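Q: pasting a predicted model and its sequence here:
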2 protein chains.
Amino acid sequence: MKFQVSKSALVEAVSQVSKAVSSKTTIPILTGIQVIAHDQGLCFTGSNSDLTIQVNVPNQKEEQQQVTVEEMGNIVLPGRILGDIVRKLPGDQVTWETTEKFQTVIQSEQARFELIGLDPDEYPRLPHLTNRSSFTLHTDTLRTIIRQTQFAVSHDEAKMILTGVLWQLKQGKLTSIGTDGHRLARKQVDIEGSEDLFFEHVIIPGKSMAELAKTFNDSDGYVDIVVADNQLLVQNEHLEFYTRLIEGKYPNTDDFIPEDGQIEVICSTRDLLQSVDRASLISRGGRDHVIKWTIKDGIVEISSISQEIGKVTEQVKAQVSGEELSISFNPRYMMEALRSLDCEEVRLLFKGTMAPFTLRPKEYQDTLHLILPIRTH
Amino acid sequence: MKFQVSKSALVEAVSQVSKAVSSKTTIPILTGIQVIAHDQGLCFTGSNSDLTIQVNVPNQKEEQQQVTVEEMGNIVLPGRILGDIVRKLPGDQVTWETTEKFQTVIQSEQARFELIGLDPDEYPRLPHLTNRSSFTLHTDTLRTIIRQTQFAVSHDEAKMILTGVLWQLKQGKLTSIGTDGHRLARKQVDIEGSEDLFFEHVIIPGKSMAELAKTFNDSDGYVDIVVADNQLLVQNEHLEFYTRLIEGKYPNTDDFIPEDGQIEVICSTRDLLQSVDRASLISRGGRDHVIKWTIKDGIVEISSISQEIGKVTEQVKAQVSGEELSISFNPRYMMEALRSLDCEEVRLLFKGTMAPFTLRPKEYQDTLHLILPIRTH
């Protein structure tokens, strides 16, 4: 196996697949990155037990030669050190040669590394996808869905199902839901040409969702999303991102989400976020992480008391309709919801002191956050 | 106690003194920040067992009123939460009122915090300085001295003396030394008008040096340095920084530092640093963190071998005079020394395979780094 590659393409590919490589793995071969040289260019793969990232580096990019393969072949090299080495190579061009016994020489200008490789035959194959159905999403939409729902998943491994994000596709609409049992985030987007597709129980690990957003962070354009029995594949021309799915039954959240409420509050997202943030400074020092809202005519009064630290009160101007209401909840849930909303004004709907309440952008309906109140007496 | 203060001045003062406040202390009052309102303005103090930082905020700054004291007094408030609160206050002006029982109301626009204060009579007094001698340094020089010597101190609490930086003032020259027993960094600067001053055993804790650099990071102009029996004080118009000194006998390093050598190498600091950095990628994965240099006519050959990972070799062009030499050492020591030097070309002097060697800027003599080689057979 022998090839030349531009340093920037090599650095980019190794850096992308490194996101899937963990140094803490019980399977030694997975600490490595697989590199394949074939007649079309190079293929890099990194994997852990949950997700696999594959990057293709074609021979030519924008009519410039970036890879020249002299001899095809494949090899697995230790992932962390390979990443460090390629980033610090001195020149613009890199020569790569793997000889017998997996020994690999990487050279660039005056620097010459000889690395001990691992047997590529031991490297696992890509996940096999059965019962595939696929649709297309713009990367902007994909990132928004992840940003607006992934933060709400549970980090408690005992609630395995809730550590994932639920995806449902019905009647051309993709619904993404994250919840930890105390709050919930839901985002809906229309998927063009997907009217014939249907799934309602695709549960993607929250950590994979976070990596997925990072992997396509700099990508533009559309990605294909392939949903199979136990795997989700997200891909574009150069990148393939596989993640396992979580098995089990996700709770039915439809009955749980109130679509209306007797008390409506509309106010500036930014003002509200800053006030709740300040109130949380007092609450997080106390025993319970809780703040209190008193909703009156034209204002929301926000307060928090901690026996050790003291108290805080402030008022935020708001359009209020309905009766007066006092309600207590964890301010972190509201801050995370408000930060994920991309809207100047937010609309909140309340049913009562002990009922879950919702937050939505004032102008549209596709995003919803739900927070459970805390009983304070 | 009652005053108004501009938010920016309050944030700046609290942020500065917070550097000395530790949440991990066995003395509860030291988790607090002391605030004094007097007729000239405000005074903020933060302290831990090692260092104390005091910031004065005068009533006027550049002819603008920034503090208005209505009633003098003092109070101690929990440091971490005070920092968070003042940073997040909504307005430009802050009203502060401390009533009986140390209860303190901090208000800015619609936000109102009521904090439970601590008894200021319990707050320790500033260190008392005996046998003072003092001189003046530009803050640029102070930061350079710290940056070029502090990194070399030991982090091993069992070698207490070596966790400090040694300062000596003799014949108008300040010498600063840091060493961990394996490498040494020395910086010398001329101190104008200090010909009559003499001290040779001032040992400043390395951690205090790091905080000192941060504290005066944005300062310009000169600072007064006051050396007393057990304390060092660094101050300018607005800031006072006290640190305890380490007691005990610092080893005599003069006999240890070779001032010459038979083999001289001069080369680009940047090229050398990058090559050593690459070689260290292999060495740090191995059992011993060691790289090897072979110094020949016109080149330095840098190599490292790890049984698990592989090997690296590269050559750096250099002006070499003297015989051929092979020498092995810890690349981290050389990288830290090279990074701290502000010079395009570095001059290295060697005496032999097992003798300590030195690095200096090619053009001047005031900075010296010494590294002990490692026996590899």
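A: Now that the structure is in, tell me what you want to look at.
Q: what residues does chain A put near chain B?
A: A:78, A:81, A:84-85, A:88-90, A:103-104, A:110-116, A:274-275, A:277-278, A:281-282, A:285, A:308-316 (C-beta under 8 Å from any C-beta of the partner chain). (Each C-beta comes from the backbone N, C-alpha and C, glycine too.)
Q: could you give me the PyMOL syntax to select whichever of those are buried?
A: Command for PyMOL, covering only those of the residues of chain A next to chain B found buried under the criterion 16 or more other C-beta atoms under 10 Å in any protein chain shown:
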select buried, chain A and resi 78+81+84+85+88+89+104+110+111+112+113+114+115+116+274+275+277+278+281+282+285+309+310+311+312+313+314+315+316
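Q: show me the helices in the stretch 201-350 of chain A, by range?
A: For the stretch 201-350 of chain A, the helices defined by DSSP state H, counting those that start in this stretch cover A:206-215, A:269-283, A:331-340.
Q: tabulate those helices (CSV), appending mean pLDDT.
A: Listed next are those as CSV, based on pLDDT from 0 to 100:
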stretch, mean pLDDT
helix A:206-215, 96
helix A:269-283, 96
helix A:331-340, 97
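Q: now these in JSON lines, with distance to A:Lys61?
A: Formatted as JSON lines, these follow (distance: least, C-beta to C-beta, whole Å):
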{"stretch": "helix A:206-215", "distance to A:Lys61": "19"}
{"stretch": "helix A:269-283", "distance to A:Lys61": "42"}
{"stretch": "helix A:331-340", "distance to A:Lys61": "35"}
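Q: so what sits opposite the residue of the stretch 1-150 of chain A found nearest chain B in the bridge?
A: Using C-beta to the nearest C-beta, the single residue of the stretch 1-150 of chain A nearest to chain B is A:Leu115, 4.0 Å away. Per DSSP bridges, the residues bridged to A:Leu115 are A:Thr104, B:Gly310.
Q: wait, A:Ala13 sits on A:Thr45?
A: No: the criterion here is C-beta atoms under 8 Å, and A:Ala13 misses it with A:Thr45 at 10.0 Å.
Q: which neighbours do the two share?
A: Each of A:Val55 lies in contact with both A:Ala13 and A:Thr45 under the rule C-beta atoms under 8 Å, 6 or more residues apart in numbering or on different chains.
Q: quick one: contacts for A:Ile374?
A: Residues near A:Ile374 by C-beta under 8 Å, 6+ apart: A:Asp288, A:Val290, A:Ser328, A:Phe329, A:Asn330.
Q: widest-spaced pair of those?
A: For these, the farthest-apart pair by C-beta to C-beta is A:Asp288 and A:Phe329; their separation is 10.7 Å.
Q: higher neighbour count, those two?
A: A:Phe329 (22 against 13; other C-beta atoms under 10 Å in any protein chain shown).
Q: so who does the more buried one touch?
A: If you count contacts by C-beta under 8 Å, 6+ apart, then A:Phe329 has A:Val290, A:Ile291, A:Trp293, A:Ile371, A:Leu372, A:Pro373, A:Ile374 around it.
Q: ok, and the most crowded of those?
A: Ranking the contacts of A:Phe329 using other C-beta under 10 Å puts A:Ile291 first, with 27 neighbours.
Q: would you put the C-alpha positions of stretch A:225-243 in CSV?
A: Extracted C-alpha coordinates of stretch A:225-243, given in CSV (Å, rounded to 0.1, in the frame of the first residue of the first chain):
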residue,chain,number,x,y,z
ILE,A,225,-30.9,9.6,6.3
VAL,A,226,-31.3,5.9,6.1
VAL,A,227,-33.4,4.3,8.9
ALA,A,228,-32.9,0.5,9.3
ASP,A,229,-33.8,-2.0,12.0
ASN,A,230,-31.0,-1.4,14.4
GLN,A,231,-29.0,1.4,12.8
LEU,A,232,-29.4,5.0,11.5
LEU,A,233,-27.1,6.1,8.7
VAL,A,234,-26.6,9.8,7.8
GLN,A,235,-24.5,10.4,4.7
ASN,A,236,-23.4,12.9,2.1
GLU,A,237,-20.9,12.6,-0.7
HIS,A,238,-17.9,12.3,1.6
LEU,A,239,-19.2,11.3,5.0
GLU,A,240,-21.0,8.3,6.4
PHE,A,241,-22.2,8.4,10.0
TYR,A,242,-23.7,5.2,11.4
THR,A,243,-25.2,4.9,14.9
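Q: tell me the buried residues in it?
A: A:225-228, A:231-235, A:239-243.
Q: that older thread, the residue of the stretch 1-150 of chain A closest to chain B and A:Ile53, how far apart?
A: According to C-beta to C-beta, to the nearest Å, A:Leu115 and A:Ile53 sit 21 Å apart.
Q: before we move on, what about A:Leu370?
A: 33 Å.
Q: point out where the stretch 251-377 of chain A drops to low pLDDT.
A: A:286-287, A:377 (pLDDT under 70).
Q: show me what contacts A:Lys351?
A: By C-beta under 8 Å, 6+ apart, the neighbours of A:Lys351 are A:Pro258, A:Gly261, A:Gln262, A:Ile263, A:Phe357.
Q: just the buried ones from the residues you listed, in PyMOL syntax?
A: Applying 16+ other C-beta under 10 Å to those leaves a buried subset, and the PyMOL line that selects it is:
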select buried, chain A and resi 261+263+357
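Q: could you single out the nearest of the contacts of A:Lys351 to chain B?
A: Distances from chain B to the contacts of A:Lys351, taken by C-beta to the nearest C-beta, are shortest for A:Ile263, at 21.7 Å.
Q: isn't the closest one up against A:Ala355?
A: No: checked against C-beta under 8 Å, the pair A:Ile263 and A:Ala355 is beyond contact range at 10.2 Å.
Q: hmm, A:Phe241 is touching A:Gln235, no?
A: Yes: contact criterion C-beta under 8 Å: A:Phe241 and A:Gln235 qualify, at 6.8 Å.
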